[in-house]
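Visitor: Have a look at this prediction, sequence included:
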2 protein chains.
Amino acid sequence: MDIAEKIISGDIRSVARLIRDIDDNVPGSREVLKDLYPSTGKAYVVGITGSPGVGKSTLVDQMVTHLRADGKTVGVLAVDPTSPFSGGAILGDRVRMQRHSMDEGVFIRSMATRGYFGGITQSTRSAIDVLDAMGKDCIIVETVGVGQDEIDIVQSADTTIIVLVPGMGDDVQALKAGILEIGNIFVINKADREGADRTVNDIRLMIEMDEKRYKDGWKPPILTAQAVFDKGIIEILDEIDKHRKHLESSAKIQSMRKYEKVRNDLSEMIKDKIIRDVFDEIINSGEFETTLQSIIKGETDPYTACDTIVSKKLKKGAA
Amino acid sequence: MDIAEKIISGDIRSVARLIRDIDDNVPGSREVLKDLYPSTGKAYVVGITGSPGVGKSTLVDQMVTHLRADGKTVGVLAVDPTSPFSGGAILGDRVRMQRHSMDEGVFIRSMATRGYFGGITQSTRSAIDVLDAMGKDCIIVETVGVGQDEIDIVQSADTTIIVLVPGMGDDVQALKAGILEIGNIFVINKADREGADRTVNDIRLMIEMDEKRYKDGWKPPILTAQAVFDKGIIEILDEIDKHRKHLESSAKIQSMRKYEKVRNDLSEMIKDKIIRDVFDEIINSGEFETTLQSIIKGETDPYTACDTIVSKKLKKGAA
């Protein structure tokens, strides 16, 4: 069996290695992704996002338990934008793995941010394809924060869940306006805290004011939960099912979503590849370092230097 | 006077227009940036980051008031990653402008995330150059969240401040590990809330465990504040001054920082330009849409299609 066949047959070791190779940009991993692509498109992808401290990990952990009890296999990708600094992703993996580590029906992996544009978006998308091809029924992608990369990632999910906590303060107005459009389900976690009702009402009001945005007929429900006590989790899973049925109820929605997914995938991949191919060559040729020194010496400015390097590179061709 | 001269002479209208043009990627704005570059490098840049709800805007607002009382001119760039969805940046601008709107010594602008890789990083860096060239003594760059773009932006500041609030919950461990290395000063805002002492101690512990990371001899202070009551603001400004003196005390630190700043600027600019030039051409040529349709029909997969498009484009040259 080649690697793609092993992955499709569910071999955990091959899956883990491929995801690591994708993350490390190992040559050859791309060829495996090409072979896997026809086997993708079957998993249901749930995106979960929210600020640090809202309890996303606990929520995901409980969701996994319930999904497993229903006999569904689950993949979890935890996207951690802070990890390049600290190796936090690896630590996170270990902590998370414990509870479900003996369960072959669960595959959990943290994705680290790479040091180039869109690296995390690209490697997470590819990892979703891998878990999809290995046959996971449901893939949960958890991201921290409101950065553009993280928004891009959760937006490519079938159902996107925004997790908030009561009493987020003054900035919540701005946050809510921003995330309103990407959330299919809102969850107020730690709902025993003061101000939960107000947060629910604030979000309800904003959704109602913006009804035109939900052209496709789905009005995001607002749920309360206490993930730590396993409260409200079944309701969240029920709403995910409802949203799934909503998406599948119309051929128009389905083809529109397919189009948007492929368009996003392709455009991110192209950008990623352009950067890697052209930028790496500029670095490796030594031209970057030479130019850097001229700017420091005051012989040129970065704007002019950049235009010169890029137009030279693109005229000559990168191949 | 040409535009660059007007900006250097402090003409607010020209500055506002150039920043808008940079944000909208208007041709010609780049040429002005080239002319301005020799006039940059004088302003002191302070980066402020933290999750939504920690009170960054209030903190910045109070800092501006104190800096103005000291006779310093100030520029503020508020980077809002959520704004493409909601126009939140514009709303934010209006709210912020009010208090300092009659003061010609303050220039405040929000930066919106653009729809391409690194767009926000690039346009914010350029806006910093513009405010620097116009003669602002201090430039405060405020970003929301922990996305890679936002981290890149604040990291390019001279002094980076991380704002936290007491009792952030379980995820704070991971967050702290990630932001520890980019923070020169930590501020626990809303310090009257329960758990402030514990948060201070947690951060202190982490800093002490990681002392090897502060090779340059600066140990980040941890301050408490209640921005809304103007408490702790002077202490923050004092620590910024101390950090500045620390950076200026050693020629080695100065040249290392200069090198890193130029290296970051140049590499982000090159990536940004490659994406714009090559990707825009792929879109405009219609090739993107044709390929998209083949993928949807199942004639090819996005990985293969991407490789084909990019290698064709780069071989031919984009010029």
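Guide: Structure received.
Visitor: quick one, what contacts residue A:19?
Guide: By CB atoms under 8 Å, 6 or more residues apart in numbering or on different chains, the contact set of residue A:19 is A:109, A:127, A:130. In short, each C-beta sits where N, CA and C put it, glycine included.
Visitor: List buried residues within those.
Guide: A:109, A:127, A:130 (16 or more other CB atoms under 10 Å in any protein chain shown).
Visitor: coming back round to it: among the contacts of residue A:19, pick out the one closest to chain B, please.
Guide: The closest of those to chain B turns out to be residue A:130 (CB to the nearest CB; 12.1 Å).
Visitor: Next, count neighbours for the nearest residue to residue A:9 once chain neighbours are set aside.
Guide: With CB to CB, 6 or more residues apart in numbering or on different chains as the criterion, residue A:9 has its nearest non-adjacent residue at 7.1 Å, and that residue is residue A:1. Residue A:1 has 10 neighbours, counted by other CB atoms under 10 Å in any protein chain shown.
Visitor: Kindly report the same for residue A:304.
Guide: Residue A:304 has 17 nearby residues by other CB under 10 Å.
Visitor: go on, residue A:55?
Guide: For residue A:55, using other CB under 10 Å, the count is 23.
Visitor: SS state for the most centrally placed residue in chain A?
Guide: The centroid of chain A falls nearest to residue A:153 when counting by CA atoms, centre = their mean (3.3 Å). Per DSSP: H, G, I helix; E, B strand; the rest coil, the local secondary structure of residue A:153 is helix.
Visitor: which residues touch it?
Guide: By CB under 8 Å, 6+ apart, the neighbours of residue A:153 are A:47, A:79, A:120, A:121, A:124, A:125, A:141, A:143.
Visitor: again, only this time at 6 Å
Guide: A:79, A:121, A:124, A:143 (CB atoms under 6 Å, 6 or more residues apart in numbering or on different chains).
Visitor: same thing with residue A:297?
Guide: Applying CB under 6 Å, 6+ apart, no residues qualify as near residue A:297.
Visitor: so where is the stretch 201-319 of chain A shaky, pLDDT-wise?
Guide: A:210-215, A:316-319 (pLDDT under 70).
Visitor: again, only this time at 90
Guide: Across the stretch 201-319 of chain A, the ranges flagged by pLDDT under 90 are A:201-219, A:250-285, A:287, A:298, A:310-319.
Visitor: Next, format the contacts of residue A:19 as a markdown table and append distance to residue A:278.
Guide: Shown next, in a markdown table, are these (distance: CB to CB, whole Å):
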| residue | distance to residue A:278 |
| --- | --- |
| A:109 | 30 |
| A:127 | 25 |
| A:130 | 27 |
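Visitor: In strands, which of those appear?
Guide: Secondary structure assignment by DSSP state E places residue A:109 of the contacts of residue A:19 in strands.
Visitor: So which of the contacts of residue A:19 is the closest to residue A:34?
Guide: residue A:130 (12.2 Å; CB to CB).
Visitor: Please tell me how far the closest one sits from residue A:139.
Guide: Separation of residue A:130 from residue A:139 (CB to CB, to the nearest Å): 10 Å.
Visitor: now residue A:255
Guide: Remark: distance between residue A:255 and residue A:139 (CB to CB) = 22 Å.
Visitor: same thing with residue A:301?
Guide: 46 Å.
Visitor: between those two, which one's more packed in?
Guide: residue A:139 (24 against 21).
Visitor: In a strand, that one, correct?
Guide: Yes - under three-state DSSP, residue A:139 falls within a strand.
Visitor: Now it: closest residue in space that isn't a chain neighbour?
Guide: Closest to residue A:139 by CB to CB, 6+ apart is residue A:75, at 4.3 Å.
Visitor: got the contacts of residue A:19 as CSV, with pLDDT and distance to chain B columns?
Guide: Below are the contacts of residue A:19 laid out as CSV (pLDDT from 0 to 100; distance: CB to the nearest CB, whole Å):
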residue, pLDDT, distance to chain B
A:109, 84, 16
A:127, 93, 14
A:130, 96, 12
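Visitor: Looking at the contacts of residue A:19, which one is closest to residue A:6?
Guide: residue A:130 (11.4 Å).
Visitor: Run through the residues that contact that closest one.
Guide: A:15, A:18, A:19.
Visitor: rerun that using 10 Å as the cut-off
Guide: Going by CB atoms under 10 Å, 6 or more residues apart in numbering or on different chains, residue A:130 touches A:4, A:7, A:14-16, A:18-19, A:22, A:29, A:32-33, A:36, A:39-40, A:75, A:77, A:107, A:109, A:136, A:139.
Visitor: distance of it from residue A:110?
Guide: 14 Å.
Visitor: Just the buried ones from the contacts of residue A:130?
Guide: Members of the contacts of residue A:130 classed as buried by 16+ other CB under 10 Å are A:4, A:7, A:14-15, A:18-19, A:22, A:29, A:32-33, A:36, A:39-40, A:75, A:77, A:107, A:109, A:136, A:139.
Visitor: Kindly report the domain assignment for chain A.
Guide: A:3-250, A:251-319 (automatic domain parsing).
Visitor: and the shortest one, how far from the chain's centre?
Guide: Meaning domain A:251-319. For domain A:251-319, the gap between its own C-alpha mean and the chain's C-alpha mean amounts to 23 Å (CA atoms, centre = their mean, to the nearest Å).
Visitor: List the first helix or strand encountered after whichever strand or helix holds residue A:31 toward the C-terminus.
Guide: Secondary structure assignment for residue A:31, by DSSP states H and E: helix A:29-36. Following helix A:29-36 in sequence order, the next helix or strand is strand A:44-50 (DSSP H and E).
Visitor: Tell me which strands that following strand pairs with, and in which orientation.
Guide: Applying DSSP bridges, strand A:44-50 is found paired with strand A:138-144 (parallel), strand A:159-164 (parallel).
Visitor: okay, how far is it across stretch A:289-305, tip to tip?
Guide: Stretch A:289-305 has an end-to-end distance of 12 Å (CA to CA, to the nearest Å).
Visitor: average pLDDT for stretch A:157-168?
Guide: The average pLDDT within stretch A:157-168 is 85.
Visitor: what's near enough to touch the nearest residue to residue A:131 once chain neighbours are set aside?
Guide: Excluding its sequence neighbours, the residue lying closest to residue A:131 (CB to CB, 6+ apart) is residue A:75, at 3.6 Å. By CB under 10 Å, 6+ apart, residue A:75 lies in contact with A:15, A:43, A:45, A:64, A:105-109, A:127-128, A:130-132, A:134-141.
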